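*Asks:* Next one to model:
(chains A and B)
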Amino acid sequence: MADDFQRITPQLLAVLTALLDAPDYETHGWPLMKATGLGGPSVYRILERCEDAGLVSSRWEEDAQPGKPRRRLYRLSPDGAARARALLAERRQARIPGRLRAAGGIA
Amino acid sequence: MNLGEFLEGVIGGLVATEAFGWTGRLAQKIIPAAVRLWTTDTARREIYREAWSRDVDDCPGNIWRLILAAKFLSVGLGRWAARQAVSTTRRAQRRSPARMGTSEILSMFVKRPSVPKNFPAFMKKVYGVKVRPAGRLTHGEEAYQTKDGDLVTASQQGACGTSYWQVFRYPRQLGQEPVELIRLGTSNETGRFHSLLCNPWGQTSLAQRDE
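*Replies:* Numbers count the residues shown, from 1 in each chain, chains lettered A, B, ... in the order given. The predicted structure is shown next:
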């Protein structure tokens, strides 16, 4: 995953977490903004990167409300979900101080 | 409540409704412009035009809608400016691919600044993207240094793209790693330099002129 992304930012991790938490790993822009606390441009910039890296695919919603623009749904691919989980676990592990890890202080 | 207060309330309410309705409509008008600035990819433009309109629509409250649309526009403007700066450089490189003199590049950028003069100040000179190593400064140019010690120059007018380095805020959208710049001062002379020296008082600080 780190090969796909030159920079692993907290914003990227927040978006990946929100996508993992979404039902069926699928959601659209506004809930992502709410869940991550990021602005629209930041969310879409990250989604663009994820799409380019093949972690996320997108499609239009099927039951669009008449008279309203359609929502674009973003979904983590199965491979993307696995890699996002691995990345998040790796980051969590990196935050645990080495001494605590060695002493088995962290479950 | 007398009639005057009643009418004041009704008219005030109508004005407020109209004003807030107007901001909502303005937000929707901003989105197509923001999308055009955001990307040149036509497929993505089509997608974002509709998706962002819906996001703005989902946003509760007309003021927040306007703020969200303004954020898209602001970042779109930054990306557009970054594209302009890079395309200026590429044009310069195409014109003289084999060997291009530094003065030629400089004159090109000075004559044809890649962003308007009134480019927002907050977007200026935050990061640099290396386009070509610098070696020449003209009087009055601002001098920067990277952590690796490379020289970076930028014009005092502040428009990005006036130096051998493109200095702007959004290199990441172009897939380039930003380089943090340390401001050294303003050049007090014109010439080629192979290194910079900064005096401890942070005053004009250029030295070690090439012979």
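
*Asks:* roughly how far apart are residue B:7 and chain A?
*Replies:* Counting by CB to the nearest CB, to the nearest Å, the gap from residue B:7 to chain A is 35 Å. All C-beta spots, glycine's among them, are computed from the backbone N, C-alpha and C.

*Asks:* Does the helix or strand where that residue lies pack against any helices or strands, and if so which?
*Replies:* In this assignment (DSSP states H and E), residue B:7 forms part of helix B:3-38. Other helices and strands packing on helix B:3-38, by 3 or more CB pairs under 8 Å, 6 or more residues apart in numbering or on different chains; DSSP states H and E, are helix B:42-58, helix B:62-95.

*Asks:* Show me what from chain B comes close to chain A.
*Replies:* If contact is defined as CB under 8 Å from any CB of the partner chain, the residues of chain B in contact with chain A are B:44, B:47-48, B:50-55, B:57-59, B:68, B:71-72, B:74-76, B:172-173, B:177.

*Asks:* Among the residues you listed, name the buried ones.
*Replies:* When neighbours are counted using 16 or more other CB atoms under 10 Å in any protein chain shown, the residues of chain B next to chain A contain these buried positions: B:44, B:47-48, B:50-55, B:57-59, B:68, B:71-72, B:74-76, B:172-173.

*Asks:* and stretch A:33-44, how far out from the chain's middle?
*Replies:* Relative to the mean C-alpha coordinate of its chain, stretch A:33-44 is positioned 11 Å out (CA atoms, centre = their mean, to the nearest Å).

*Asks:* contact partners of it?
*Replies:* Outside stretch A:33-44, the residues within contact range by CB atoms under 8 Å, 6 or more residues apart in numbering or on different chains are A:11, A:14-15, A:17-18, A:21, A:27, A:29, A:32, A:46, B:48, B:52, B:55, B:68, B:71-72, B:74-76.

*Asks:* What are the buried residues along that stretch?
*Replies:* Burial within stretch A:33-44, assessed by neighbour count using 16+ other CB under 10 Å, is assigned to A:33, A:35-36, A:38-44.

*Asks:* Pull out the buried residues from whatever helix or strand residue A:85 lives in.
*Replies:* Per DSSP H and E, residue A:85 falls inside helix A:78-95. For helix A:78-95, burial by neighbour count (16+ other CB under 10 Å) applies to A:80-81, A:83-84, A:87.

*Asks:* And stretch B:29-45, by the same measure?
*Replies:* Taking 16+ other CB under 10 Å as the basis for neighbour counts, the residues of stretch B:29-45 that come out buried are B:30-31, B:34-35, B:37-39, B:44.

*Asks:* end-to-end on it?
*Replies:* The first residue of stretch B:29-45 is 15 Å away from its last residue (CA to CA, to the nearest Å).

*Asks:* again with stretch A:72-81
*Replies:* In terms of CA to CA, the two terminal residues of stretch A:72-81 are separated by 19 Å.

*Asks:* Is that stretch positioned near chain B?
*Replies:* Yes - part of stretch A:72-81 sits near chain B under the criterion CB under 8 Å from any CB, namely residue A:72.

*Asks:* tell me the mean pLDDT over that stretch?
*Replies:* Regarding stretch A:72-81, the rounded mean pLDDT is 92.

*Asks:* Can you say which two of the buried residues of stretch A:33-44 are spatially most distant?
*Replies:* Across the buried residues of stretch A:33-44, the longest distance by CB to CB is 16.1 Å; it joins A:35 and A:41.

*Asks:* quick one: low-confidence parts of chain A?
*Replies:* A:1-7, A:94-107 (pLDDT under 70).

*Asks:* how about the residues of it near chain B?
*Replies:* Chain A has residues A:6-7, A:28-30, A:33, A:39-41, A:44-45, A:48, A:58, A:68-72 near chain B, with proximity defined as CB under 8 Å from any CB.

*Asks:* how much distance is there from the helix or strand hosting residue A:35 to the middle of the chain?
*Replies:* Using DSSP H and E, the secondary-structure element containing residue A:35 is helix A:29-36. Computed by CA atoms, centre = their mean, the separation of helix A:29-36 from the middle of its chain amounts to 11 Å.

*Asks:* between it and helix B:42-58, how big is the angle?
*Replies:* Between helix A:29-36 and helix B:42-58, the angle comes out at 70 degrees (axes from the mean of the first three to the mean of the last three CA atoms, to 10 degrees).

*Asks:* With just CA atoms, put whichever helix or strand comes after helix A:29-36 into CSV.
*Replies:* Proceeding N to C from helix A:29-36, the next assigned helix or strand is helix A:40-52, under DSSP H and E. Included here for helix A:40-52 are C-alpha records, laid out as CSV according to Å, rounded to 0.1, in the frame of the first residue of the first chain:
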residue,chain,number,x,y,z
GLY,A,40,-15.1,18.3,0.6
PRO,A,41,-12.0,19.0,-1.4
SER,A,42,-9.8,17.0,0.9
VAL,A,43,-12.2,14.0,0.8
TYR,A,44,-12.4,14.1,-3.0
ARG,A,45,-8.7,14.5,-3.4
ILE,A,46,-8.1,11.4,-1.3
LEU,A,47,-10.9,9.5,-3.1
GLU,A,48,-9.2,10.4,-6.4
ARG,A,49,-5.9,8.9,-5.2
CYS,A,50,-7.6,5.8,-3.9
GLU,A,51,-9.4,5.4,-7.2
ASP,A,52,-6.2,5.8,-9.2
